[in-house]
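>>> show me how the following folds:
(chains A and B)
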Amino acid sequence: MDYALQQLVNGLTLGMIYGLIALGYTMVYGIIGMINFAHGDVFMVGAFISLIAFLLLGTGGITAVPIALVVVLALAMSFTALYGFAVERIAYRPLRGSFRLAPLISAIGMSIFLQNFVQVSQGARVKPLEPVVQGGFILHQGEQVSVSISIMQILIILTTLVVLAAFTVIVARTPLGRAMRACEQDQKMARLLGIDTDRTISLTFVIGAALAAVAGMMYLLYYGVIDFFIGFVAGVKAFTAAVLGGIGSLPGAVLGGLLIGLIETFWSAYFSVQYKDVAAFSILALTLLFMPSGLLGRHEVEKV
Amino acid sequence: MAQRSIAHIVKDAGLAALVALGVGAPLLGLKTEAAGRGLTLVPRPGLLLAAVAAVFLGRLLFCLFLAGREAKAGRAVEALPRIGPSPLARVGRMVAPVLLALALFLPLLPGVGRYEIDLGTLVLTYVMLGWGLNIVVGLAGLLDLGYVAFYAVGAYGYALMAKFLDLSFWAALPLTGLIAAAWGILLGFPVLRLRGDYLAIVTLAFGEIIRVVLLNWTTLTGGPNGMSGIPRPTFFGLPFSMAGGEGTFAGFFGIEPSPLHRIVFLYYLILVLALITNLVTLRLRRHPIGRAWEALREDEIAARALGLSVVAVKLTAFATGAMFGGFAGAFFATRQGFISPESFTFIESALILAIVVLGGMGSQLGVAIAATLMIGGFEVFRGLDEYRMLVFGLAMVAIMVWRPRGLVASREPSVSLGAQRAIAAEHVAEGRG
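Down below sits the predicted model:
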């Protein structure tokens, strides 16, 4: 029982990281209906920028943990957002309105490019970071195993919830959110009504990348090691989460992320670690089979 | 678009350089180096500056080039898309026979050694894979990102049959195709209802599942160590042996044994396999099933309304495509003599799909040219080592931006009334899955 509870805590944490990445997928898919295949790699870039920011602060002598966290978060979000902007500008904008496969192929190209860019510029070895946030609480002391939650885990869960709340408000209440929803419904009509669709889409990518940076930083802090390849699998799983939750829905993305994280953690704990990816991917296939619009997604009616 | 002034262009390039500075600063400007237990940062201002300067100049030249072209062409540049055959397609009538002749006589050309024939074999393998995937993506309009799974099924199918059932390559070849086709149907069933991008991501997931299983089922597949000692192909029963005795290829024909024999044989083997793929595709396009594929690609609802069974049509496309992937896989296994899950990663799927899309979905000639360019380009950049994939990714983006419809952007209709007219690729639907 205690073991299961511990897995629950771990699964929730992992799920929140997936949820953060999934938010980026779901926003971009919602607005232009394309899988931003490079999003997983933007997440990886975010993790690397966080790592470099931590090292910079370390050499700069800033050691107070809360300040360091906030500064690194700000740096990672702004620089990764720039990546989101550049990727959209270079690989997707010229292809807007082109046939549907073209942006997907160019996204795959971008993904390969980003992976190898980081590999070439930073080296292929795994990059370790000494634990920044330490400590935790023991929730329940059992006879053999205890259930504990680390401060890092609490931080991840809280951050995801805050980010989710913030972006729900942005999409629901602000002019930018209104423009985003308008583009989602009908880009041509939105343009006719004076919405700068290019700018709106660009901002969506920027926001998505900033979210990926948050996820990247959390991943770095939680696992302590990153390499240039973490983006691919995390990306596919986050996309699975977005689909599972219902693509286009922000709470759905986090919910989907949680489910994927929990399934993966429990599968690893009770069945086999090697096949955890198989479990996650099978969930994706099953969801799409029986619930193509996901848990919280709208059912799409096809008009002829 | 109005003509832009020089000041405007410089400003634009400056902005691009600024973005490059921001993008490059953390990753290019600083390098993490292992030091002791942790990491240290090594600044690289020179590299960063060079990159920013390169972006500035590149953007400047690009904008000047565009402005120059606009000025020359007047203001109606973007007015009319060109309809009718592109220059490439017109040359295409000559290109196809020339390429075929080149492929047929490559081993006989002067100056062609072992390396060139090996490279030709590799290119032809990808041509065959591209043609196989083209059936699924180009003809039926089903976006498959996990094609490498069938390639893997073929390769492992042959390796396992050779190991456990002691089958020769020629006995196993048809079986690998059948097994791969069965897998195509098996994987096709759950995704029948999916469309477009969803289909893409689920097929990707299937490809990964197969790879993970191959990687972890150590008792059967050897796991990450792969399977070695896969029997090499024989010349219809005559092994290629350096001993040159009775009952070997060299001995039977009374010639000097040479290691080149097997290489040339493998080359012709894959050439024949690829040409069979092409021939079958071309014939099937005129066959009712091929027309059903194309009808499905153009408009699934209309096709269904006309009484086509979407299930049967989609599954045959999956199965046929998978079958050729399986053949190619068996060939790969026998050529290498060693296979491991390393060879069947997502990158392979992406590469094959890129060949199909770059070739101009559905164009057989385009796929062949694209495969030659891609694999050839890969070889040319071999010296660049780790920069090779970097260039590859960038090239994929650049080519898509430059020619979203692929190299051969016009098509001959499969069936037509009266004179055949080429159709611009813009008018060919890509299918929604």
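
>>> so how far is chain A from B:Val310?
14 Å (CB to the nearest CB, to the nearest Å). For the C-beta atoms, the positions are set from N, CA and C on the backbone; glycine is no exception.

>>> so does the helix or strand where A:Ala81 lies get close to chain B?
Per DSSP states H and E: A:Ala81 is located in helix A:65-87. Yes - for helix A:65-87, a contact with chain B is found by CB under 8 Å from any CB of the partner chain, at A:Leu75, A:Phe79, A:Leu82, A:Tyr83, A:Phe85, A:Ala86.

>>> wouldn't the first one be in contact with A:Leu51 here?
No - with contact defined as CB atoms under 8 Å, A:Leu75 does not count as touching A:Leu51 (11.0 Å).

>>> looking at these two, which is more packed in?
Regarding A:Leu75 and A:Leu51, a neighbour count based on other CB atoms under 10 Å in any protein chain shown identifies A:Leu51 as having more, with 26 against 20.

>>> can you pull out the low-pLDDT segments for the chain?
The chain I'm using is chain A. Judged by pLDDT under 70, chain A has its weakly predicted residues at A:299-304.

>>> actually it's chain B I care about, not the one you picked
B:1-4, B:36-37, B:72-93, B:195-196, B:242-247, B:362, B:409-433.

>>> mind listing the residues bridging to B:Met227?
Beta-bridge pairing for B:Met227 (DSSP bridges): B:Ile339.

>>> measure it to chain A for me?
Distance from B:Met227 to chain A, by CB to the nearest CB: 18 Å.

>>> quick one: that residue from A:Met110, how far?
The spacing between B:Met227 and A:Met110, counted by CB to CB, to the nearest Å, is 35 Å.

>>> which one's more surrounded, those two?
In this view B:Met227 and A:Met110 are compared by other CB under 10 Å, and A:Met110 has more residues nearby, 29 against 22.

>>> which non-adjacent residue is nearest that one?
With sequence-adjacent residues excluded and distances taken as CB to CB, 6 or more residues apart in numbering or on different chains, A:Met110 is closest to A:Ala38, at 4.1 Å.

>>> around chain A, which positions in the stretch 251-400 of chain B sit nearby?
B:301, B:346-347, B:350, B:353-354, B:357-358, B:361, B:386-387, B:389-390, B:392-397, B:400.

>>> residues contacting the residue nearest to B:Glu116 when sequence neighbours are not counted?
Setting aside the residues directly before and after it, B:Glu116 is nearest to B:Leu106 in space (CB to CB, 6+ apart), at 7.2 Å. Shown here is B:Leu106, whose contacts under the criterion CB atoms under 8 Å, 6 or more residues apart in numbering or on different chains are B:Val112, B:Glu116, B:Ile117, B:Gly120, B:Tyr267.

>>> that older thread, and the next element down the chain from the helix holding A:Ala81?
Defined by DSSP H and E, the subsequent element after helix A:65-87 is helix A:101-122.

>>> orientation of that next one relative to helix A:65-87 in degrees?
Angle of helix A:101-122 versus helix A:65-87, following axes from the mean of the first three to the mean of the last three CA atoms, to 10 degrees, is 130 degrees.

>>> what are the boundaries of the strands in chain B?
Under the criterion DSSP state E, chain B contains strands at B:30-35, B:38-43, B:227-228, B:338-339, B:410-411, B:423-424.

>>> what's the most buried one of these?
The highest mean neighbour count among the strands of chain B, using mean count of other CB atoms under 10 Å in any protein chain shown, belongs to strand B:410-411: a mean of 24.

>>> and chain B, what are its domains?
B:6-73, B:92-427 (automatic domain parsing).

>>> dump the ones you listed to CSV, plus distance to A:Gly97.
CSV is the format used below for the domains of chain B (distance: least, CB to CB, whole Å):
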stretch, distance to A:Gly97
domain B:6-73, 19
domain B:92-427, 10
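
>>> which of these sits most buried?
domain B:92-427 (a mean of 20).

>>> ok, the nearest residue to B:Lys314 once chain neighbours are set aside to B:Ile185 distance?
Once flanking residues are discounted, B:Lys314 sits nearest to B:Leu192: 5.8 Å by CB to CB, 6+ apart. Going from B:Leu192 to B:Ile185 by CB to CB gives 10 Å.

>>> go on, B:Leu373?
Where B:Ile185 is concerned, B:Leu373 sits at a distance of 33 Å (CB to CB).

>>> can you give me the strands for chain A?
Using DSSP E, strands in chain A cover A:127-128, A:136-141, A:146-150, A:225-226.

>>> tell me how far stretch B:398-412 is from the chain's mean position?
Its chain's C-alpha centre and that of stretch B:398-412 lie 15 Å apart, by CA atoms, centre = their mean, to the nearest Å.

>>> with stretch B:155-174 instead?
On CA atoms, centre = their mean, the centre of stretch B:155-174 falls 25 Å from the chain's centre.

>>> out of everything not next to it in sequence, what's closest to whatever residue of the stretch 151-300 of chain B ends up closest to chain A?
Closest residue of the stretch 151-300 of chain B to chain A, CB to the nearest CB: B:Ala205 (3.7 Å). Nearest non-adjacent residue to B:Ala205, counting by CB to CB, 6+ apart: A:Phe281, 3.7 Å away.

>>> residues near that neighbour, how many?
By the other CB under 10 Å criterion, the neighbourhood of A:Phe281 contains 22 residues.

>>> shouldn't it be in contact with B:Arg211?
No - contact criterion CB under 8 Å: A:Phe281 and B:Arg211 do not qualify, at 10.7 Å.
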